[in-house]
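Participant: Predicted model, plus sequence, below.
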Amino acid sequence: MHVSCTMLCRLLPKSNHRWLQRRWLAAHGLTPHMLVLHWQKIFETHKVPEARESSEIIISHALGGKTLHGIPPSEAQRPVSASQLEHIESMGQQRLNRVPVQYVIGEWDFLDMTLQMRPPVFIPRPETEELVGLVLAESQGLKNSMKPRILEVGCGSGAVSLALLRHLPQSHVLAIDKTEAAVNLTRDNAERLGLQDKIHILRHDVMLDPPERLLSWGPVDAIVSNPPYIFTADMSQLEPEIFRYEDHNALDGGPDGMNVIQGILHLAPQLLNQGGDVFLEGDPRHPDMIHQWLQKNTGIHLRLISMVQDFCKKPRFVHLRKD
């Protein structure tokens, strides 16, 4: 027996017994589209953000696709199997607990790559895709070098480093992060994309570890970072998905969000080739704050090239160059 989508939520047993609900759903031959509506309603009832998107991603992933449109028509019209329902139930319960959908499905797309995602490593955001585009468009240091060398501070999942390597195949990257989880995930993603020979991954804290470890690698043409930049006072206002599950070390930038940013600015002149570039992502308040900081710290031989807005028209990125 098949039921219409509008009947689904009325007919579904009210029991909280998950096994009973799975059995009921399987018996009624529900299609992926019906299940999307079912889980969308559940997410909305529990005030889970992006209820429709979360439901579509979970159901699509359980069926081996990324989107509903990516599922073959024959599969999309076929009732979901009991094993698929069990997988959907497991993922749906995680999302109800406000686990980010990227962690729920274990992967996420960044530009033209699909990367593994594992908690608590920071999940790359769309703004950071713009950071990659800015580096590729504006870095004179990379354009002037036959074999560019790039340092990424705070590599997380490896999204930025690996995206740059895919667009600059002649380059080599040193990717550093202070957590073992991030270093391991970057390494796994590099191997997944076949880029492991072009990237050196190192556990290193720019605030604590001696810079000689990085200096021994040699001068670089560009330093890129999406560092921890949230003001400590703002941390408690983060959505549960972020506050509960993502690493606070990758988020909290100190009282003014500038702790790691200042560490990078102190370190950059020592590591950069002449004419090399620094690209930073930050809070919308940070471009002006970085400008003011450089004016006070005249011994830091970095020149502000530009402050760039993100797609929401908020000041987000800073481009500096070593004179």
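Facilitator: On my side now, so go ahead.

Participant: how long is stretch 201-212 end to end?
Facilitator: One end of stretch 201-212 sits 16 Å from the other (CA to CA, to the nearest Å).

Participant: Outside of that stretch itself, list whatever touches it.
Facilitator: Stretch 201-212 is contacted from outside by 153, 155, 158, 174-180, 183, 186-187, 190, 213-214, 259-260, 263-264, 267, 270-271, using CB atoms under 8 Å, 6 or more residues apart in numbering. From N, CA and C alone the C-beta is placed, and that goes for glycine too.

Participant: which parts of it are buried?
Facilitator: I201, L202, H204, V206 (16 or more other CB atoms under 10 Å).

Participant: Go through the residues you listed and name the one nearest L30.
Facilitator: Of all the buried residues of stretch 201-212, L30 sits closest to I201, with 44.2 Å by CB to CB.

Participant: now whichever helix or strand the closest one is part of, how far from the centre of its chain.
Facilitator: In the assignment (DSSP states H and E), I201 maps to strand 199-203. Per CA atoms, centre = their mean, to the nearest Å, the displacement of strand 199-203 from the mean C-alpha position of its chain is 18 Å.

Participant: Give me the next element, helix or strand, following that strand.
Facilitator: helix 212-215.

Participant: So which bits of the lengthiest strand in the chain are buried?
Facilitator: Secondary structure assigned by DSSP state E gives strand 272-281 as the longest strand of the chain. Residues L272, N273, G276, D277, V278, F279, L280, E281 are the ones in strand 272-281 that count as buried (16+ other CB under 10 Å).

Participant: If the residue nearest to the first one when sequence neighbours are not counted is in a bridge, with which residues?
Facilitator: For L272, ignoring the flanking residues on the chain, the nearest one in space by CB to CB, 6 or more residues apart in numbering is K322 at 4.4 Å. Assessed by DSSP bridges, K322 has beta-bridge partners L302.

Participant: Please report how far K322 lies from L136.
Facilitator: Noted for K322: a distance of 19 Å to L136, by CB to CB, to the nearest Å.

Participant: that's a strand at T128, yeah?
Facilitator: No - in this structure, T128 is helix, not part of a strand, as judged by DSSP: H, G, I helix; E, B strand; the rest coil.

Participant: what about the closest residue to it other than its chain neighbours, how many residues close to it?
Facilitator: Setting aside the residues directly before and after it, T128 is nearest to N226 in space (CB to CB, 6+ apart), at 5.2 Å. Number of residues near N226 (other CB atoms under 10 Å) recorded here: 25.

Participant: ok, now how distant is N226 from Q292?
Facilitator: Counting by CB to CB, the gap from N226 to Q292 is 21 Å.

Participant: I'd say H286 and G257 touch.
Facilitator: Yes - assessed by CB atoms under 8 Å, H286 is found in contact with G257 at 6.4 Å.

Participant: Can you pull the residues that touch both of these two?
Facilitator: Joint contacts of H286 and G257 (CB under 8 Å, 6+ apart) are Y229.

Participant: And the helices in the stretch 201-323 of the chain, which stretches?
Facilitator: 212-215, 240-245, 259-271, 286-296 (DSSP state H, counting those that start in this stretch).

Participant: Deepest-packed of these, please.
Facilitator: Per-stretch averages of neighbours, counted by mean count of other CB atoms under 10 Å, single out helix 259-271 among the helices of the stretch 201-323 of the chain, with a mean of 20.

Participant: Contacts for that one next, please.
Facilitator: Here helix 259-271 has contacts from 151, 153-154, 206-207, 211, 214-215, 219-220, 223, 225, 227-229, 253-254, 278, 280, 282, 286, 290, 293-294, 297, 300-302, 320, 322, using CB under 8 Å, 6+ apart.

Participant: For it, give the mean pLDDT please.
Facilitator: Mean per-residue pLDDT for helix 259-271: 97.

Participant: ok, I176 to R203 distance?
Facilitator: For I176, the distance to R203 equals 7 Å [CB to CB].

Participant: before we move on, what about T45?
Facilitator: Distance from T45 to R203, by CB to CB: 43 Å.

Participant: So the residue nearest to the spatial centre of the chain: helix, strand or coil?
Facilitator: The chain has P124 as the residue nearest its centroid, 1.2 Å off, counting by CA atoms, centre = their mean. With three-state DSSP as the basis, P124 sits in coil.
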